[in-house]
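> Build me a model:
(2 chains)
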Amino acid sequence: MSPVFQRAARIFAAATLLGFTAAQAQQPTIKVAYIDPLSGAFANVGEQGLAEFRFAVEAINKRGGVLGGRKLEVVPFDNKTSPQESLNQLKRVIDQDIHYIMQGNGSSVAGALIEAVNRHNERNPGKEVLFLNYAAVDPAFTNEKCSFWHFRFDANSDMKMESLTTYMEGQKNIKKVYLINQDYSFGQAVRKAAREYLGRKRPDVQIVGDDLHPLGQVKDFSPYVAKIKAAGADTVITGNWGNDMSLLVKAGRDAGLNVDWYTYYAGGLGTPTAMGEAAAGHVKIIAEYHSNVANNKAAKWDADYRKHAPKGNPDFYYLRGKIMWDMFAAAINKAKSAEPKAVAYALEGMKWDGEMGEVEMRKTDHQLIQPLYVLTLVKAAAKGGPKEAKIDMESSGLAPITSARLEAYTSAQPTSCNMTRP
Amino acid sequence: MEFVLVQLLNGISYGLLLFMLSSGLTLVFSLMGVLNFAHASFYMLGAYFAFQVSTQIGFWPALVIAPVLVGAIGMLVERFGLRKVHRFGHVAELLFTFGLAYLIDEAVHLVWGRSAVDYRVPPDLDGPLFSIFTSQYPMYRGFMMLVSVAMLVAIWLALTRTRIGLVIQAALSHPQTVEALGHNVPRVFMLVFGGGAALAGLAGVIGGNAFVTEPGMAASVGPIIFVIVVVGGMGSLAGAFIASLLIGCLQTFAISLDWPIFGLKLSQIAPVLPYLLMVLLLIVRPKGLMGTREG
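The predicted structure is shown next:
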């Protein structure tokens, strides 16, 4: 080694050492990778989550962060809703020494991530990665595919369908149901659960059609709408999200399709706008929160977010996202460590006083058990609707009101999870 | 009966939109030999420009202004980009348009963000046009079909009945002769490329509010318009027209039918059918339905 090079190497080593201790002294931020679509057909969905999470993180940091002063930070990684791209991004996340990932859009993506995280954690003890899932709702992730390294803060598809069908049980005007869903694990889970639970609760209801269409590729839904119409359906059940949801209802409106929509995700991102006021009273959504809920403990949060929300999309949507961040911060404090394994153990079985009632991260399968609401979109109060319909969605004139509150135990499902813990 | 009629109309109107999308691509290819990968991006630009203009001064001016703007951008691209790349051959041109598509995508992200914009069908065209038994047929779809057919007739007339059309056709096969006769061949090419881009822009104005205007819209129509151009025969306008209608109807009717195929339903594999058609056609008739050149 030449003397010049030796000296350079020594300076470099000293610099890294200095940098390291300096970073230690000011307590490094705890980074969380946000792996979701920020481009492609579902970019709008990913953008909304990111904006809300940044808002939640800012609030936690403002009140002092975690572990007595350490800050949290969201680092976005664009996965284009592709499982393959998500795995590439996960590699980058691991290379950047980030140990927490959050993802929600697409169970196809979440499934790939869970497997990759399991494999990585098995091979790299001490450098584990923890996966916090806020929206991928394939029931398998908390059943046969359950993992110690995965926590789900959204009610899974079966829980949502259980609640939705409990409500439908009392709606005697439902006679003929049409199922239309996206052709991947989540859409298939929705149609399977719909058939099973409706068969149990409303054996008199006839299922007149059952379609699966490719995820995020259909632009023209009018052929599907013509089919729904020809089948004589009075009710459509769909788990569609993003543009697949808004384009479907848009085509329905154009063709004058007169049905009730029972949906998972009609509550945002262009769907209320696309439906227009004609849809008032005909759209139901199953969700954990809406802005006009009675005794809204999140009202201030909701209103504050609206002031900070990105232009053109003011609605606050992911209450479960806020709960996820709050519980995550609480778990770090409880574990007194930012070590993923310790945080995971702290999160298991944690009860939390959520804005809509108590929630629990069930220990057996890492599924958050939470109360849910069936909402109906009606004309906003300003346009002559009921008084409680104060805040409309996307300034569309359609506002959500509560049709039913389903307590946490209604939707809780037995699990087949047999978790191995490290 | 009602069902079949409605689906037929749906298929034809979708097919006509596909034709609007692919006509510019096939024109540019037949007249310049350039396979323009950025074509779908011009479609997207058309939709965004129309959104911007329609929020300021309304939809009807946007219907004219947006395609003109996109056409102008197309001409600038040809004049200052493509023309310089041209001398390095077709591969360079291809790569150039490929890169351009990414550039336009990013530009759209920067200017309008990544979410969908609220570009709506104008109130004059919102509502049912007529009813078939109990089904409504939306007025906007009728408008879409009208514009598409008008476009076909206009292109055809322009190419075969006008002086500039004759010069364009001549410049394709005998550029030197045309140049010797005192015509500015590079300018002809610039006009053609701009015209192709403008057609894509027009399709964007119409398709953007019929469906959704978002940054992913270019990527989602990109593959299908190439299928149409290949199936119709590279560079054949009539071929593209027939292929568009064929694929529009094929997809629509496949969705309507629940025939079982290997445990799947035909409706489930409907989106793959155009690609299947392309592969089969390339095997049995590589020049496409109406194509004149091999391969």
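> For residue A:396, which non-adjacent residue is closest in space?
Excluding the flanking residues, the one nearest residue A:396 by CB to CB, 6 or more residues apart in numbering or on different chains is residue A:272, at 4.0 Å. To be clear about C-beta, it is placed using only N, CA and C from the backbone, and glycine gets the same treatment.
> Let me know whether that neighbour touches residue A:265 as I believe.
No. Counting by CB atoms under 8 Å, residue A:272 does not reach residue A:265; the two are 11.3 Å apart.
> out of those two, which sits in the more crowded spot?
Neighbours were counted for residue A:272 and for residue A:265 using other CB atoms under 10 Å in any protein chain shown; residue A:272 has more, 27 against 21.
> Now do the phi/psi pair for the more buried one.
As for residue A:272, its main-chain torsions (degrees, to the nearest 10) stand at phi -60, psi -40.
> so who does it touch?
Residues in contact with residue A:272 (CB atoms under 8 Å, 6 or more residues apart in numbering or on different chains) are A:266, A:279, A:377, A:392-394, A:396, A:398.
> What of residue A:72?
Counting by CB under 8 Å, 6+ apart, residue A:72 has contacts A:29-32, A:57, A:60-61, A:65-66, A:325, A:329.
> of all the contacts of residue A:272, which two lie farthest apart?
A:266 and A:392 (13.7 Å; CB to CB).
> Break down chain A into its helices, ranges please.
Using DSSP state H, the helices of chain A run over residues A:3-25, A:43-62, A:83-95, A:107-123, A:157-169, A:185-201, A:222-230, A:243-254, A:271-275, A:299-308, A:319-335, A:340-347, A:408-411.
> Likewise for the stretch 1-150 of chain B?
Here the stretch 1-150 of chain B has its helices, by DSSP state H, counting those that start in this stretch, at B:2-32, B:39-57, B:59-77, B:83-86, B:90-112, B:139-161.
> between these, which one is nearest to chain A?
Proximity to chain A, assessed across the helices of the stretch 1-150 of chain B by CB to the nearest CB, is greatest for helix B:2-32 (4.2 Å).
> Quick check: buried residues in the closest one?
Residues of helix B:2-32 classed as buried by neighbour count (16 or more other CB atoms under 10 Å in any protein chain shown): B:3, B:6-7, B:9-32.
> Could you restrict these to the ones contacting chain A?
With the criterion set as CB under 8 Å from any CB of the partner chain, the members of the buried residues of helix B:2-32 near chain A are B:3, B:6-7, B:10-11, B:14.
> Just the buried positions in stretch A:123-136, please.
The neighbour-count check on stretch A:123-136 (16+ other CB under 10 Å) flags A:128-136 as buried.
> for that stretch, how far is the first residue from the last?
From the first residue to the last, stretch A:123-136 extends over 25 Å; the measure is CA to CA, to the nearest Å.
> Near chain A, which residues of the stretch 51-200 of chain B? Just list them.
Within the stretch 51-200 of chain B, the positions adjacent to chain A are B:105, B:109, B:113-118, B:128, B:134-138, B:140-141 by CB under 8 Å from any CB.
> Which ChimeraX command selects the buried ones in the residues you listed?
Here is the ChimeraX command that selects the buried residues among these (16+ other CB under 10 Å):
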select /B:105,113,114,115,116,117,118,135,136,137,138,140,141
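> I'd like the helices of the stretch 1-150 of chain B laid out as CSV, including mean pLDDT.
Output for the helices of the stretch 1-150 of chain B, formatted as CSV (pLDDT from 0 to 100):
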stretch, mean pLDDT
helix B:2-32, 89
helix B:39-57, 95
helix B:59-77, 95
helix B:83-86, 88
helix B:90-112, 92
helix B:139-161, 91
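> could you dump the ones you listed to CSV with distance to residue A:212?
Compiled in CSV, the helices of the stretch 1-150 of chain B are given as follows (distance: least, CB to CB, whole Å):
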stretch, distance to residue A:212
helix B:2-32, 19
helix B:39-57, 26
helix B:59-77, 35
helix B:83-86, 44
helix B:90-112, 29
helix B:139-161, 25
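> and the gap between residue B:176 and chain A?
44 Å (CB to the nearest CB, to the nearest Å).
> count of neighbours near that residue?
9.
> re earlier: now for the residues of the stretch 51-200 of chain B next to chain A: which two are most distant?
B:109 and B:134 (43.1 Å).
> Near chain B, which residues of the stretch 301-422 of chain A? Just list them.
A:310-313.
> 7 Å - rerun?
A:312-313 (CB under 7 Å from any CB of the partner chain).
> Show the contacting residues for whatever residue of the stretch 301-422 of chain A ends up closest to chain B.
Shortest the stretch 301-422 of chain A-to-chain B distance, computed as CB to the nearest CB: residue-wise this is residue A:313, at 6.1 Å. Going by CB atoms under 7 Å, 6 or more residues apart in numbering or on different chains, residue A:313 touches A:48, B:115.
> can we see that at 8 Å?
Counted by CB under 8 Å, 6+ apart, residue A:313 has contacts A:44, A:47-48, A:51, A:268-269, A:394, B:115.
> you'd agree residue A:37 is up against residue A:78?
Yes. Between residue A:37 and residue A:78 there is a contact at 6.8 Å, judged by CB under 8 Å.
> Need the overlap of contacts for those two.
By CB under 8 Å, 6+ apart, residue A:37 and residue A:78 have these common neighbours: residue A:46.
> Have a look at these two and say which one is more surrounded.
Set side by side, residue A:37 and residue A:78 show more neighbours around residue A:37, with 28 against 19, by other CB under 10 Å.
> re earlier: nearest to residue B:88 among the contacts of residue A:72?
residue A:31 (44.9 Å).
> Quick check: the nearest residue in space to the closest one that is not next to it in sequence vs chain B, distance?
Distance criterion CB to CB, 6+ apart; nearest residue to residue A:31, sequence neighbours excluded, is residue A:98 at 4.6 Å. Using CB to the nearest CB, one gets 22 Å for the distance from residue A:98 to chain B.
> pLDDT score for residue A:98?
What the model reports for residue A:98 is a pLDDT of 96.
> ok, the residue lying closest to residue A:77 once chain neighbours are set aside to residue B:67 distance?
Once flanking residues are discounted, residue A:77 sits nearest to residue A:89: 4.1 Å by CB to CB, 6+ apart. As judged by CB to CB, to the nearest Å, residue A:89 and residue B:67 stand 38 Å apart.
> now do residue A:246
Distance from residue A:246 to residue B:67, by CB to CB: 26 Å.
> Residue B:187 sits in which helix or strand?
For residue B:187, the element it lies in under DSSP states H and E is helix B:185-210.
> for chain A, what are the low-confidence residue spans?
Applying pLDDT under 70 to chain A flags the ranges A:1-26.
> so where do the helices sit in the stretch 151-295 of chain B?
So, for the stretch 151-295 of chain B - with DSSP H, counting those that start in this stretch - the helices run B:163-173, B:175-180, B:185-210, B:217-232, B:237-256, B:266-269, B:273-284.
> Just the buried residues of the last one, please?
Judged by neighbour count using 16+ other CB under 10 Å, the buried positions of helix B:273-284 are B:273-274, B:277-278, B:281.
> Have a look at residue A:266 and residue A:392 and say which one is more surrounded.
Remark: of residue A:266 and residue A:392, residue A:266 carries more neighbours, 30 against 24, as counted by other CB under 10 Å.
> Residue A:77 versus the more buried one, what's the distance?
Here residue A:266 is placed at a distance of 28 Å from residue A:77 (CB to CB).
> do residue A:215 as well
Distance from residue A:215 to residue A:77, counting by CB to CB: 20 Å.
> same thing with residue A:288?
26 Å.
> So the two - more neighbours on which side?
Counted by other CB under 10 Å, residue A:288 and residue A:77 do not tie: residue A:288 has more neighbours, with 23 against 20.
> from what I can see that one touches residue A:369, true?
No. Residue A:288 is not in contact with residue A:369 according to CB under 8 Å; the separation is 11.2 Å.
> excluding its backbone neighbours, what's nearest the most centrally placed residue in chain A?
Closest residue to the average C-alpha location of chain A: residue A:135 at 2.2 Å, with CA atoms, centre = their mean. Nearest non-adjacent residue to residue A:135, counting by CB to CB, 6+ apart: residue A:104, 2.9 Å away.
> name the helices or strands packed onto the helix holding residue B:187?
Packing partners of helix B:185-210 (3 or more CB pairs under 8 Å, 6 or more residues apart in numbering or on different chains; DSSP states H and E): helix B:2-32, helix B:39-57, helix B:59-77, helix B:83-86, helix B:139-161, helix B:163-173, helix B:175-180, helix B:217-232.
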